[in-house]
Every structure is written in structure tokens, then in C-alpha cells.
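Student: Generate a structure from the sequence data that follows.
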Amino acid sequence: MGYETLLVTAAGGVVTVTLNRPKVLNALNAMVFDELERVFLELAGDEAVRVVLLTGAGEKAFAAGADINEIRATDASLGEAMSRRGQLVFRAIETLGKPVIALVNGFALGGGCELAMACTIRIASDTAKLGLPEIRLGLIPGYGGTQRLPRLVGTSAALKMMLTGEMLGAAEALRIGLVDEVVAADRLMARGEELAGAIASAAPLAVRGAMEAVRKGAGLGIDDATVVEAEVFGRLCGTEDMKEGTGAFLEKREARWVGR
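Tutor: Residues are numbered from 1 along each chain as shown. I've put the predicted structure just below:
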């Protein structure tokens, strides 16, 4: 399917989705949300897709946030619906079942920062700037940011970001745990492709199982969470890929995954 606000390319089980509105710093409007929903629904059902890279067109921005003109036109009812819409799309990305790696080039502010937080892994260029400045608009983050940020960096660090609206440089974002890695701007895509390739070469059911166990266990106590882990581990023990992986290890050869 064609997209007006996205560029989508594929190579070797890795799909790259690029927000393609560089003239407005890849701001997130209603069409972007609609097209993100479409593309990730398609990717979820494509067994050939192992990893997704998500980035923004141009060097200035990953995504500079929501479209302020659209927000200004809302009232209480429309605003809540807008928030729920963004939350549902970002949740679909978070629960895709396949790793989504955000390549944060330049600004990731407001909804753009929230989009990055919905991804599995975040790699930032050394020129990246991240922040949640909604408080300066008389708002709070509305696309899951008030919930994901404390889970990533802790409550006090999250509230400091939200209550001041200040932007963080890449080094500070790495220090507090908002991003997982920082690389030179001209190495960002190459590093994302390296990481995606490493993940894509692993057993796909095991990759999905690890993500499932972590996601389901995150809100549970340790006793209940380890029950989830055991269920996923047991399920994987009954797969062809487990037989292939253990056999390849013992035979000192590369495994040939079939996803069953």
C-alpha cells in the first residue's frame, strides 16, 4: 500500500519505516497516525518481517511532536478522543510481537518522544534532543508518556522532565535510561541495521517469546511473573526451532530457523 506521510522499505527481514514530513519536522498529525496504524497492522501479519526500524526523514527531527493546530481545535471531549487514538496506535507498536528499534535523529519532542518510548529499543544520534514540553502548552503528555517515561527512568526523573518541559541531550538521555545507545549522527542508520541484523538472525519464536515474557511479567510480582516465564519457556521447548537450535549447537553449525 502507498503512504503519503511514510516511506517503507524492506531488506532481509528488516523493514524501515520513515516518518516523511521533513518540512514540518515530521510532526504527528491525524494522517500520520492513520498510516502508522495501517503499516504496523500489515507488518504484524507478515511472517517474513523480523525487525522494524523506525526513524524520521531528514537530519533535523525524528518527530517534533503532535500537530499544534489540530490540538488547538479540540475541546475536552475531542481532546480525550485524540489522546486515546494516539495511545492505541503506540500500543500497537509496543505490542507488535517483533522488535521495533527507534533511530532518534534530531528532535524527538512531545508525541515524538512518546513514539520513541513505545519502541522496543532506542538508539539516538549524538545530536538528538528529547523532551516532553506539553506543560508549556497547558497540557500533559497524552500518548502514553506519563506512564512509559516513569517505567523507563523512574518517577522523579520523569516528573522533572515533564514539569520543566526541558529538552535533554543525547548523553543525558542515555545516562537516565531514556535511550539505550548513542552513536555519531552519520552512523545512526548503520548501527540500527547492525542491531536489526543481529536480532533478525536469531530464532523468531524465541525473540517473540522473550518480548512476551518481559511485557506480561512487568506488571506482576516476581512469583506470578516467573510463572509467565515458565509457560513461555515450556512452549518454546515444543517447537521445531528449539530442536534445530540445540541440534545446531551440538553439531557446531549455523541454525536454520523455520519459525515453528
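Student: which residues touch Pro141?
Tutor: By CB atoms under 8 Å, 6 or more residues apart in numbering, Pro141 lies in contact with 110-111, 113-114, 132, 134, 149, 162. All C-beta spots, glycine's among them, are computed from the backbone N, C-alpha and C.
Student: Just name the closest of the residues you listed to Leu188, please.
Tutor: Cys113 (16.7 Å; CB to CB).
Student: Below-threshold pLDDT in the stretch 1-150 of the chain: ranges please.
Tutor: Within the stretch 1-150 of the chain, the ranges that satisfy pLDDT under 70 run 1.
Student: where exactly do the helices run in it?
Tutor: Taking DSSP state H, counting those that start in this stretch to define them, one finds helices in the stretch 1-150 of the chain at 30-44, 68-72, 76-94, 111-117, 145-153.
Student: Could you dump the ones you listed into a markdown table with mean neighbour count added?
Tutor: Below are the helices of the stretch 1-150 of the chain laid out as a markdown table (neighbours: other CB atoms under 10 Å):
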| stretch | mean neighbour count |
| --- | --- |
| helix 30-44 | 18 |
| helix 68-72 | 12 |
| helix 76-94 | 16 |
| helix 111-117 | 29 |
| helix 145-153 | 18 |
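Student: Looking at those, spot the one closest to Arg215.
Tutor: Judging the helices of the stretch 1-150 of the chain by CB to CB, what sits closest to Arg215 is helix 76-94, at 7.9 Å.
Student: which residues does Arg215 contact?
Tutor: Here Arg215 is in contact with 94-95 (CB under 8 Å, 6+ apart).
Student: and the gap between it and Phe40?
Tutor: 16 Å (CB to CB, to the nearest Å).
Student: What separation is there between Ala61 and Ala108?
Tutor: Distance from Ala61 to Ala108, by CB to CB: 7 Å.
Student: Tell me which of those two has more neighbours.
Tutor: Neighbour totals were compared for Ala61 and Ala108, and Ala108 leads with 33 against 25 (other CB atoms under 10 Å).
Student: Just grab the bridge partners of that one for me.
Tutor: Ala63, Leu130 (DSSP bridges).
Student: Which residue, neighbours along the chain excluded, lies closest to the spatially most central residue of the chain?
Tutor: In the chain, the C-alpha closest to the average C-alpha coordinate belongs to Cys119, at a distance of 1.1 Å (CA atoms, centre = their mean). Excluding its sequence neighbours, the residue lying closest to Cys119 (CB to CB, 6 or more residues apart in numbering) is Ala102, at 3.9 Å.
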